[in-house]
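Student: everything below, folded, please.
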Amino acid sequence: MVPLRVSSSPGGAGIRPSLLIACLLILLTLGAAGAHLQATSAELSRFNPGWNGTAAFFSLSESLGAVIHSPNVAPHDQPDRYILIAPDGTDAEPIVRGVLAAGGIVIIADEDGGANELLEALGLEMRIRPGNVSSVDMEFASPRTVRATVSSNHSVLQGVETLVFNRPSSIEGGEPLVRTSVLSWIDHDGDGSPGSGEELGRYTLMASEKSEIGDVILIADASLFASTMQQVRRLHDNQRLLFNLLDSDSVMVDAMYGRPADADGPAYLVHTVKSAPISSIIVIFLLMMVVAFAFRRQIL
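Tutor: Numbering: from 1, shown residues only. The predicted structure follows:
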């Protein structure tokens, strides 16, 4: 076997060690910079890999064959299931109506009340009632992490008995699917205990309502899709619920009209550029230009 000759002289026929080292450093730097710039700390963002992001859920969705509806991906022709996390406004209404008219299921998760405008536009009675539901039936020794139980049958609740919610709101209207125990209250003053005007009772955290021939499921806690609620101690049946929601022939998960689309700082610019179809070609071309310039100047 003839060994590879490495030459350090300018006119040598071998590969210069300095060139190998420089190329390796450039690749490592670009990789690290790319990973950093694409990450964000925006809560519920699909670009946030942290505890309060939804990156893990979107990764799970793609692994199970779901279509992610984002700016550079056309919506599915006719999904039979559509998941919206913390939507704001009525931009998703045409897609929602199409799914419902075909007899599909639309899942909406929200605790701030931003989804109420869409629910009203659809002619539904269900509404998110903002306000932190707390309970004596708690997880992690905090009344704001509420344990709630299934109270009605539904296909998406198969194999689900108990769910854990993180600072959920409550739902008015619709058919209750998951409810708290009677030792629960809306913690208006935030002191962690029931007080004046904070009545004990059962609160609905998940409900359903028929629309056309389809079904809308409303969840009063968008953070149910956050990484921490999936991975920490495998909270009761939370992960089973997510698998059930994604278990259908054609599922589309929204990444345009809700908070999963959020990105801040450099991540916003990176993902805006990436949404353009020709952006990848432009970026590759620019990198080639930089490398060519470096060689011409004998930087490498």
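Student: the domain parsing of the protein - what is it?
Tutor: Per automatic domain parsing, the structural domains of the chain span 17-38+266-296, 55-261.
Student: so what's the gap between the longest one and the chain middle?
Tutor: In terms of Cα atoms, centre = their mean, to the nearest Å, the centre of domain 55-261 is found 12 Å from the chain centre.
Student: and that domain, end to end?
Tutor: End-to-end distance of domain 55-261 (Cα to Cα, to the nearest Å): 11 Å.
Student: quick one: the strands in this protein?
Tutor: Using DSSP state E, the strands found in the chain span residues 67-69, 81-85, 105-109, 127-129, 133-135, 138-139, 142-150, 162-166, 170-172, 175-179, 184-186, 204-211, 214-219, 251-254.
Student: nearest residue to the middle of the chain?
Tutor: Centroid-nearest residue in the chain, with Cα atoms, centre = their mean: Thr54, separated by 3.4 Å.
Student: where in the chain is pLDDT low?
Tutor: The model of the chain has pLDDT under 70 over residues 1-41, 72, 76, 230-234, 262-300.
Student: ranges for the helices of it?
Tutor: For the chain, applying DSSP state H gives helices covering 17-38, 55-63, 93-101, 116-121, 227-231, 238-245, 266-274, 279-296.
Student: if we can go back for a sec, same list (the strands of the chain) but as TSV, adding distance to Val99.
Tutor: In short, each C-beta sits where N, CA and C put it, glycine included. Formatted as TSV, those follow (distance: least, Cβ to Cβ, whole Å):
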stretch	distance to Val99
strand 67-69	12
strand 81-85	5
strand 105-109	5
strand 127-129	20
strand 133-135	28
strand 138-139	33
strand 142-150	24
strand 162-166	24
strand 170-172	20
strand 175-179	19
strand 184-186	32
strand 204-211	10
strand 214-219	6
strand 251-254	8
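Student: which one of those lies closest to Ser45?
Tutor: Of all the strands of the chain, strand 81-85 sits nearest to Ser45, with 10.1 Å by Cβ to Cβ.
Student: can I assume Glu209 is in contact with Pro176?
Tutor: No. Using Cβ atoms under 8 Å, Glu209 is not in contact with Pro176, being 10.8 Å away.
Student: I'd like the distance between His69 and Glu62.
Tutor: 12 Å (Cβ to Cβ, to the nearest Å).
Student: measure Ile128 to Ser155 for me?
Tutor: The spacing between Ile128 and Ser155, counted by Cβ to Cβ, is 23 Å.
Student: neighbour count: those two, which is higher?
Tutor: Legend: neighbour count by other Cβ atoms under 10 Å for Ile128 and Ser155, higher for Ile128 (25 against 10).
Student: show the contacting residues for Leu124.
Tutor: By Cβ atoms under 8 Å, 6 or more residues apart in numbering, the contact list for Leu124 reads 173-174, 209, 211, 216.
Student: for those, pick the one with the most neighbours.
Tutor: Comparing the contacts of Leu124 by number of neighbours (other Cβ under 10 Å), Val216 comes first, having 24 neighbours.
Student: who's in contact with it?
Tutor: With contacts defined as Cβ under 8 Å, 6+ apart, Val216 is in contact with 96, 100, 105-108, 119, 122, 124, 126, 208-210.
Student: contacts for stretch 129-136, please.
Tutor: 111-113, 143-144, 146-148, 165, 167-172, 180-181, 183-188, 190, 192, 194, 203, 205, 220.
Student: sorry, wrong one. I was asking about stretch 169-180.
Tutor: By Cβ under 8 Å, 6+ apart, the surrounding residues in contact with stretch 169-180 are 110-113, 124-133, 135, 137, 146-152, 154, 157, 163, 186, 202-209, 217-218, 220-221.
Student: for PyMOL, what selects the buried ones among those residues?
Tutor: The PyMOL selection below is limited to those of these classed as buried (16 or more other Cβ atoms under 10 Å):
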select buried, resi 110+111+113+124+126+127+128+129+131+132+133+135+137+146+147+148+149+150+151+154+157+163+186+202+203+204+205+206+207+208+209+217+218+220+221
